[in-house]
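Trainee: A structural model of the following input is requested.
(chains A, B and C)
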Amino acid sequence: MPKKKASRKPMPKDRALALRVNGRTVEVEIPPHRTLLEALRDTGFVDVKRGCEKGDCGACAVLIDGVAVDACLTLAWTVEGRDIVTAAGLGTHENMHPLQKTFVEKGAIQCGYCTPGLIVAAQSLISMTPNPSEEDIRVGLSGNLCRCTGYAKVFEAVREAAAEVRNQRSRR
Amino acid sequence: MSTSFDPTTARANVAFRQVGKPLARTDAPGKAIGRTPYAGDYVMPGMLHAKVLRSPLPSARLVKLDVRKARALPGVVAVLTARELPDRLAPTDIPGQTGQARLKTDQQILVRERVRYHGEPLALIAAESPDIAEHAMKLIEYKLEPLPAVFDPEEALRPGAPIVQGTDNVVARHAINKGDVAAGFAAADVVVERTYRTQFIEHAFLEPEVGLAWIDENDVVNIRVSTQVIEHFRFIADAIGVPHNKVRIMGALVGGGFGGKEDITVEVYLALLAKFTHRPVRLEFTREDSFMGHGKRHPFILRYKTGVKRDGKITALEVRLISDAGAYVFLSPYVLLYGTIAAPGPYLIENLKVDAVSVATNNMYTSAFRGFGSAQACVAYEQQMDEIAKTLGIDRLELRRRNYLKTGEPTATGFPPPSAIWTERCADLAWQALGEKTKAKGAVRIGRGLAAYQQSYGRLTFLHDTSEGWVGVEVDGTVVVRSGVTDIGAGQVSALAQIAVEILGVTLDNVVVYNSDSAVTPLAGTTTATRALYMTGNAVRVAAEAVRNRLAARAAKAFGVAAEDVVLADNKVTAASRSDKSMGFAELVRLCASEGIQRSELAIFRAPFTDRLDPVTGQGQAYPDFTYGAHAIEVAVDTETGEVSVLKSVACHDVGQCINPAAVEGQIEGGAAQGQGYALSEEMIYRDGRLMTPSFSEYLIPTAMDVPVVKSIILESRSGLGPFGAKGIGEPALTPVAPAIANAVADAIGQRIFDLPITPEKIVRALNGI
Amino acid sequence: MYATFDLDRPGDLAGALALLKAKGAVALAGGTNLIVDVRAGRENPRRVVSLDKLDSLRGIRQAGGKVAIGGRTTVTDLLRSPIIAKTAPALVESARQFAGQMVRNTATVAGNIACGSPAADLVPPLFALDAELTLASPRGQRTVPIASYFTGYKKDVRRPGELITRISWKAPPPRSRALFYKLARRKGDAITVVGVAVALDIERGICRRARIALGAVAPTVFRAREAEAMLEGQTLTPALIESAAKAAAAAARPIDDVRASAAYRRHGVHVLVRRLLGQAWEQLS
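Mentor: Predicted structure coming up:
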């Protein structure tokens, strides 16, 4: 929902809090049952996708302090003060994250709806396991359903991005 | 066109610059950085949030529906029931037609009195917030009295069965009567009779159905919606009682379709609520809504009786098909027709009898799904080939070789496809690429299977399909393409970009495609039936060629050469015979613009137009053309637990000409995963009509841990009717996979499970008699 | 999601326990079950007490021969822990197949136990470890062996307002093997059809301790004690293993559901117990 006008009374139980998303502070006024998925989409972070709202599909994955979680299973109040990063926060057209780059180059994107969640999950995987095996990648992405690609080019993209991230680290 | 299609010469002298290259798709970067908007990402100030209340019973009379408490809830703006709706129905037949006589198939928009399936909508709510709408749903009071119901299509055909549709539950019949099957069976040495069964399948696109509607200043109903078909504006207009030009559909890039967004889903609800409330309205299906809100893949019962000589030559084939249409007709008659025509597979069968019937039940209604009846037929005809080979003691590939339809030979409807038929080559290559057989160990047995197929591309030709496209060049040399085509993820839009730039000699970074807006992009027809590349690609090709010809003629004048001598490439214009002549593409365009030479073209492309097939013999041309290919599989079966692992997966398809090889591989890999689910793990289970698998926890599509590496062998005969000789790959990528897996499992365990999905339990029961 | 609960985020365990005394108060750990249940209308709490600030309840420690993990330890924490890798390989195997990455990063060990599902994947390996649960309340804490924790389908000895704050076990002796197998309808992110954990400790060629813990085949996870008794004190032969597997299958009380029939589940127990016992014994010999 767009920010409420000042004249409207806040709903009972709504609380004002600040969420830290993609490096900036977002003020919201939300009730306790508002999930992070709802709160993020309502404030314009529409790259976080609604796919099932019960943790089955991974389309809503976001990073909380660098670790991927399903936003649909997270109550927004409980992540006040944490560092939230969505797929769109990982890179831009001019400055793509290695995963975004390899997903494009390898043809790992078809309809693209699962892509933000996949990229978030892959980033979380790579940060925990910088040199993931084929098996590590499959296990790490098993919570992200894709109906278009059959995952094949996704694996290639993640493998290559992991290598690129390791290169970048070793160059520093 | 040559009828030999020699593979060694097919690619000679072809030097594409853009086409045939695995270029990064134009839509990929936006999706990668999460900036691409989908239909659910559009919001409008003051918009309301809608919800649909659904029947928990599959067959019932609605005796009470009291919405007063819901209406009284603060923040609820409207609750609509059938009582508030004008007495109109929503058309549900084949979309995107321009004037062919329609079948009379409709669905009540909201239940008036009779509920026919679990989930049928009872009421619509529009409220200030999603929370309020959800709360309001709980306040609606209703009473449903169960009515007699039928959930089995064979039962529904028996006299005395509860009637769900029409007078006898028959929603369609089709037949093929070709040659003389009696004589064929008499001439046979052996007759093999088997029955195959397939299950309800859910599309499981990741993006649930969603849309936003508003009435604009011209009283036009605007609907932003995730759809495969923007031409639905006609059906929507009819359903809400306005002229066709008063409904505008704006698609968005679609988060998966597979046929599940081929019918109307949220559009009529949105239009009604927007008109009633005079406010923008947004409706997003939950996943549970989605499972109950669009038609499933038809279950089929496929009875095959094949007469065959000792040497393997088929002398007669008799097929009986029954499909479960569910509670409403939707596209059942067409799915049945596809299954009927596809019944014999890619084989030459001169004596053929097919009798097919589609039957209404109180199950969920069934409609389009990738393969559209041809996939179900392939499940049967390719398993039947293996059964015949086993009975005769002939190698499975050799049996097929003795029966393949060859280039120029007639299909089941007596029509010889105009393109190359490379089934044998595809099957042999796929099979060889399986390599050395994995060693069996302990309780695990290894099996291999193959399926060859024939899948149409382009719509039924009696629908008189057309597609329009517009191409224009800006004065700075950049290119614009406008096409109504919907992009459902396979790169429909990017393909058009690649075609346009190939013809105009610019690079892919210099073209923008506008698509899927029924008010401003030329209507290109549905993204269904593997028609998008063929139809919309050709429309754009024709338009681009017209623009190119005008530009080239002007350049020829400037260079003093013949028009054929002009070369457009790499954003430059040159002359083949005069190395001293050149200009920039932008320069040429500016020149044309200053002289009033038209820099754009709106083109129409027509598929072949035919009459309907003969109602008795089933003979005639049914489709423009077909794609042929095969898929080979190796599985490991744990004979104690019944678990099946797909170890190797090889696809070989003749796609005519790749526009983008990476996109073709993507279709193949995605189709392989869908086919694996179809064969092994997916089933929408309805018990007494009630859905028992309402989420992704119960309905199991393959995950990243389930799929093998897929090898794609892509052949290009350049013989297709699409741009540059392309065929279609969308549906073909899926069609042979499930039967190949079924054949591999049967090979592993020495017996066949005749009904999909082949679950571990079915295998254990077959082997252990538990 | 529409719900009406109040939400608190206490800063320490005492505060959480005080809030959980109220009627209609439930604890929120990872939320991977609770949020799903609230959305589906299966749970309608008045108050949700989030444990997200209780970092003290998260962690894996080994002291002497004992391993202890805080209740809020996540499944991913288990996968990344050298202590768990060394002392609880069956738990690692279960954790690896547990749902998907995002759920593993969030779901807690205590939550998986407390949800009471007989298909909870971490539970059979914990049974095989003879794990103990520490239950905390405003009155103090008590310890319950996990094998005594469950009393019926979604019923347990946890009193209203109690939290599982710690799970601990004795690190297995050197000649010990624990294995876990999850039989499900697909390899990734699936609800278990039959879950089997076995553990064998041997000493001088004799089985000293045998544990056979079965999940998803009865109203609760349970130990096939009759089968275990057949093995303890014995050298395991194929015939003995087969008898134990048969006994384990007979002890199961599975149901028919959309995933599988009771008959298949019982068959699965027989096959998997036989297989895992055979593998564990062979690896130890």
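Trainee: Going by C-alpha atoms from here, please, whenever you check contacts or count neighbours.
Mentor: OK.
Trainee: got any ranges where the stretch 1-150 of chain C has weak pLDDT?
Mentor: Judged by pLDDT under 70, the stretch 1-150 of chain C has no weakly predicted residues.
Trainee: residue in it nearest to chain A?
Mentor: C:Gly100 (3.6 Å; Cα to the nearest Cα).
Trainee: Contacts only, for that residue.
Mentor: A:139-144, C:188-189 (Cα atoms under 8 Å, 6 or more residues apart in numbering or on different chains).
Trainee: possible to save the residues you listed as a markdown table with pLDDT, secondary structure and neighbour count?
Mentor: Converted to a markdown table, the contacts of C:Gly100 look like this (pLDDT from 0 to 100; DSSP: H, G, I helix; E, B strand; the rest coil; neighbours: other Cα atoms under 10 Å in any protein chain shown):
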| residue | pLDDT | secondary structure | neighbour count |
| --- | --- | --- | --- |
| A:Val139 | 98 | helix | 24 |
| A:Gly140 | 98 | helix | 26 |
| A:Leu141 | 98 | coil | 30 |
| A:Ser142 | 97 | coil | 30 |
| A:Gly143 | 98 | coil | 31 |
| A:Asn144 | 98 | coil | 30 |
| C:Gly188 | 97 | coil | 27 |
| C:Asp189 | 96 | coil | 31 |
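Trainee: Quick check: end-to-end length of stretch C:20-30?
Mentor: Stretch C:20-30 has an end-to-end distance of 17 Å (criterion: Cα to Cα, to the nearest Å).
Trainee: The residue nearest in space to the middle of chain A pairs with what?
Mentor: By Cα atoms, centre = their mean, chain A has its centre lying nearest to A:Val62, at 2.8 Å. For A:Val62, the beta-bridge partners under DSSP bridges are A:Val69.
Trainee: Please enumerate the strands of chain A.
Mentor: A:15-21, A:24-30, A:61-64, A:67-70, A:83-85 (DSSP state E).
Trainee: What is the third one packed up against?
Mentor: Okay, so that is strand A:61-64. Applying 3 or more Cα pairs under 8 Å, 6 or more residues apart in numbering or on different chains; DSSP states H and E, one finds that strand A:61-64 contacts strand A:67-70, strand A:83-85, helix A:115-128.
Trainee: Output the residue of chain A whose distance to chain C is smallest.
Mentor: Closest point on chain A to chain C, by Cα to the nearest Cα, is A:Gly143, at 3.6 Å.
Trainee: so who does that residue touch?
Mentor: Per Cα under 8 Å, 6+ apart, neighbours of A:Gly143: A:56-58, B:703, C:99-103, C:188-189.
Trainee: In helices only, show me these.
Mentor: C:101-103 (DSSP state H).
Trainee: Residue 105: neighbouring residues, count only.
Mentor: You didn't say which chain, so I picked chain A. 19 (other Cα atoms under 10 Å in any protein chain shown).
Trainee: my question was about chain C
Mentor: 21.
Trainee: do B:Val646 as well
Mentor: So B:Val646, with other Cα under 10 Å, has 22 neighbours.
Trainee: By residue count, which helix of the chain is the longest?
Mentor: The chain I'm using is chain A. helix A:152-171.
Trainee: actually chain B
Mentor: Chain B, longest helix under DSSP H: helix B:538-559.
Trainee: Return the set of buried residues in it.
Mentor: B:538-556, B:559 (16 or more other Cα atoms under 10 Å in any protein chain shown).
Trainee: swap in stretch B:147-166?
Mentor: B:149-154, B:156-157, B:161-165.
Trainee: same question, stretch B:417-436
Mentor: So stretch B:417-436, judged by 16+ other Cα under 10 Å, has buried residues B:417-431, B:433-434.
Trainee: Equivalent analysis for stretch C:129-145, please.
Mentor: C:129-138, C:144-145.
Trainee: shouldn't B:Ala593 be in contact with B:Val473?
Mentor: No - with contacts counted by Cα atoms under 8 Å, B:Ala593 stays clear of B:Val473, the gap being 9.7 Å.
Trainee: between the two, who's got more neighbours?
Mentor: Using other Cα under 10 Å, the more surrounded residue of B:Ala593 and B:Val473 is B:Val473, with 25 against 15.
Trainee: give me every residue that touches the more buried one.
Mentor: B:479-480, B:589, B:599-600.
Trainee: Reformat the contacts of A:Gly143 as JSON lines; add distance to C:Thr32.
Mentor: JSON lines is the format used below for the contacts of A:Gly143 (distance: Cα to Cα, whole Å):
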{"residue": "A:Asp56", "distance to C:Thr32": "10"}
{"residue": "A:Cys57", "distance to C:Thr32": "13"}
{"residue": "A:Gly58", "distance to C:Thr32": "13"}
{"residue": "B:Thr703", "distance to C:Thr32": "19"}
{"residue": "C:Ala99", "distance to C:Thr32": "10"}
{"residue": "C:Gly100", "distance to C:Thr32": "11"}
{"residue": "C:Gln101", "distance to C:Thr32": "12"}
{"residue": "C:Met102", "distance to C:Thr32": "10"}
{"residue": "C:Val103", "distance to C:Thr32": "7"}
{"residue": "C:Gly188", "distance to C:Thr32": "17"}
{"residue": "C:Asp189", "distance to C:Thr32": "13"}
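Trainee: out of those residues, who has the most neighbours?
Mentor: Result: A:Gly58 is most packed of the contacts of A:Gly143 (other Cα under 10 Å), 37 neighbours.
Trainee: just checking, that one touches A:Gly140?
Mentor: No - between A:Gly58 and A:Gly140 there is no contact under Cα under 8 Å: 11.3 Å.
Trainee: Residue 96: how many residues sit nearby?
Mentor: No chain in the question, so chain A it is. A:Met96 has 17 nearby residues by other Cα under 10 Å.
Trainee: I was after chain C.
Mentor: 21.
Trainee: and it, what are its phi and psi?
Mentor: For C:Arg96, the backbone dihedrals (degrees, to the nearest 10) come out as phi -60, psi -30.
Trainee: which residues does residue 121 contact?
Mentor: Just going to use chain A. Here A:Ala121 is in contact with A:61-62, A:68, A:140-141, A:144, C:101-102 (Cα under 8 Å, 6+ apart).
Trainee: actually chain C
Mentor: C:94-95, C:98, C:112, C:192, C:195, C:215.
Trainee: Out of those, who's the most crowded?
Mentor: C:Gly195 (31 neighbours).
Trainee: Residues touching the helix or strand harbouring it, excluding its own?
Mentor: Using DSSP states H and E, C:Gly195 sits in strand C:194-203. For strand C:194-203, the surrounding residues in contact (Cα under 8 Å, 6+ apart) are C:90, C:119, C:121, C:124-125, C:128-129, C:172-173, C:175-184, C:207-217, C:265, C:268-269, C:272-273, C:276-277, C:280-281, C:284.
Trainee: Name the residue of chain A that lies nearest to chain B.
Mentor: Counting by Cα to the nearest Cα, chain A gets nearest chain B through A:Cys111, at 3.4 Å.
Trainee: what kind of secondary structure is the residue nearest to that residue when sequence neighbours are not counted in?
Mentor: For A:Cys111, ignoring the flanking residues on the chain, the nearest one in space by Cα to Cα, 6 or more residues apart in numbering or on different chains is B:Gly489 at 3.4 Å. Following DSSP: H, G, I helix; E, B strand; the rest coil, the label given to B:Gly489 is coil.
Trainee: B:Gly489 is in contact with A:Tyr113, isn't it?
Mentor: No - assessed by Cα under 8 Å, B:Gly489 is found out of contact with A:Tyr113, at 9.0 Å.
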